[in-house]
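[1] can't give you the sequence, but here's the structure:
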Ligand code: NAI
Ligand code: MG
């Protein structure tokens with residue numbers, strides 16, 4: 001067989017980002033070592049993040065976008081540290097990468113794992129399998145607004161933070177969600193808005209959703225307000241399959257989803273440019289977790305799951321399945337970090353996943 005070589009840009013970032021990216025790399029390198037030369041990952045690490053900011057005054061190198069865009073994929077940890085304001089670190093690295101690489105679809109599956117008890121104990125884990133599809137290019141994170149215009153000073157400041165919804169932006173993420181629903185056992189798309197209160201952008205979203213849905217008569221649909229959807233995640237989780245939502249709403253709902261699955265440390269995510277003009281970026285949903293960083297105890301499952309999403313996007317579905325099966329086997333065996341009730345370290349879990357790659 002011909003050897004397949006993938007060039008991956010690793011961007012560990014801050015806090016537990018370094019620990020979980022190391023875990024994911026270890027799993028992928030084990031896959032490659034086991035492939036008899038059929039598969040190879042060539043890693044280049046970019047030391048961007050809050051330490052880089054302290055050294056240089058910028059979260060990433062000026063020519064960073066040019067340097068990463070030729071890679072097959074980006075593998076990202078997390079960004080953010082108490083030394084830098086969060087909006088500076090997030091905009092300076094993660095949002096800068098996603099937006100300039102036109103990764104307009106953010107796919108966030110929620111898997112319920114054997115051996116991990118989430119708050120939804122009564123639910124049958126077989127029923128629970130969602131993907132949150134997040135609009136990743138506009139909406140509430142468009143960055144439009146301003147502060148302190150009109151010359152008002154401290155104590156009387158005014159700030160405006162606008163959300164931008166374009167018909168094209170809504171339509172492409174919805175078509176993406178419907179196409180994804182067609183690949184799943186349950187063909188259903190739930191659209192989330194707050195169009196009762198936000199009468200411009202979110203009403204446009206609803207209208208586009210109704211129009212796109214008409215092209216997919218084989219897919220069940222519903223439109224749910226975001227507050228009701230938060231309740232539905234908890235109360236009727238078996239009723240969901242693909243959930244499509246704006247940048248902000250999907251950000252919140254995907255954290256809720258991963259907490260319901262047992263921990264924020266479990267959730268994986270893929271930032272995709274579906275036209276494939278740019279590489280995708282694969283990262284756990286969680287942040288840099290300063291409260292537990294450096295202790296070797298963070299959960300690597302979200303980052304390893306993100307590596308599996310990367311494999312699938314690179315055209316390696318069998319390898320992706322193998323990694324996901326190995327994660328399930330390690331969890332079922334009880335090798336769990338403390339956020340999900342165990343005593344295992346990051347390294348223990350990673351080693352158990354690597355062991356189960358051979359199952
Ligand atoms: P966080 O996700 O870092 O942590 C929230 C809670 O989840 C903490 O109790 C943490 O210990 C726990 N947690 C997170 N990841 C875990 C893991 N792998 N294993 C076990 N437990 C885990 O969110 P927080 O505290 O709001 O933000 C911390 C920093 O991360 C901030 O600077 C924030 O801006 C940044 N952040 C970055 C993101 C990204 O790079 N994509 C996403 C979210 C936050
Ligand atoms: Mg988030």
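    The structure has been received and is ready for your questions. The structure presented is a predicted model; accordingly, all values stated were derived computationally and were not measured. Ligands and ions are numbered 1, 2, ... in the order given.
[2] State the three-state secondary structure for whichever residue of the stretch 201-350 of the chain sits closest to ligand 1.
    Using CB to the nearest ligand atom, the single residue of the stretch 201-350 of the chain nearest to ligand 1 is residue 287, 2.4 Å away. Where you see a C-beta, it was placed from the backbone N, CA and C, and this is true even at glycine. Following DSSP: H, G, I helix; E, B strand; the rest coil, the label given to residue 287 is coil.
[3] Please name the residues that touch residue 234.
    119-120, 256, 260 (CB atoms under 8 Å, 6 or more residues apart in numbering).
[4] and the helix or strand where residue 350 lies, which residues are buried?
    Per DSSP states H and E, residue 350 falls inside helix 346-356. Neighbour-count burial for helix 346-356 flags 346, 348-354, 356 (criterion: 16 or more other CB atoms under 10 Å).
[5] if I pick the residue nearest to residue 192 when sequence neighbours are not counted, what's in contact with it?
    Among residues not flanking residue 192 along the chain, residue 245 sits closest, at 3.8 Å (CB to CB, 6 or more residues apart in numbering). Contacts for residue 245 were tallied using CB under 8 Å, 6+ apart; they are 132-135, 191-193, 226, 229, 253.
[6] One more: residue 299?
    20, 263, 265-266, 337, 339-340, 346, 349.
[7] hey, where'd the helices end up in the stretch 151-300 of the chain?
    167-181, 201-214, 226-235, 247-261 (DSSP state H, counting those that start in this stretch).
[8] who wins for proximity to residue 144 among these?
    Closest approach to residue 144 among the helices of the stretch 151-300 of the chain is made by helix 201-214 (11.5 Å; CB to CB).
[9] Can you name the residue of the stretch 51-200 of the chain nearest to ligand 1?
    residue 80 (2.1 Å).
[10] picking that back up, buried among the contacts of residue 234? Make that a ChimeraX selection.
    Those of those that count as buried under 16+ other CB under 10 Å are selected in ChimeraX with:
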select :120,256,260
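[11] how close does residue 23 sit to ligand 1?
    9 Å (CB to the nearest ligand atom, to the nearest Å).
[12] Tell me which helix or strand that residue sits in.
    helix 16-33.
[13] what angle separates the next helix or strand after that helix from helix 16-33?
    Using DSSP H and E, the helix or strand that follows helix 16-33 in sequence is strand 39-45. Orientation of strand 39-45 against helix 16-33 (axes from the mean of the first three to the mean of the last three CA atoms, to 10 degrees) gives an angle of 150 degrees.
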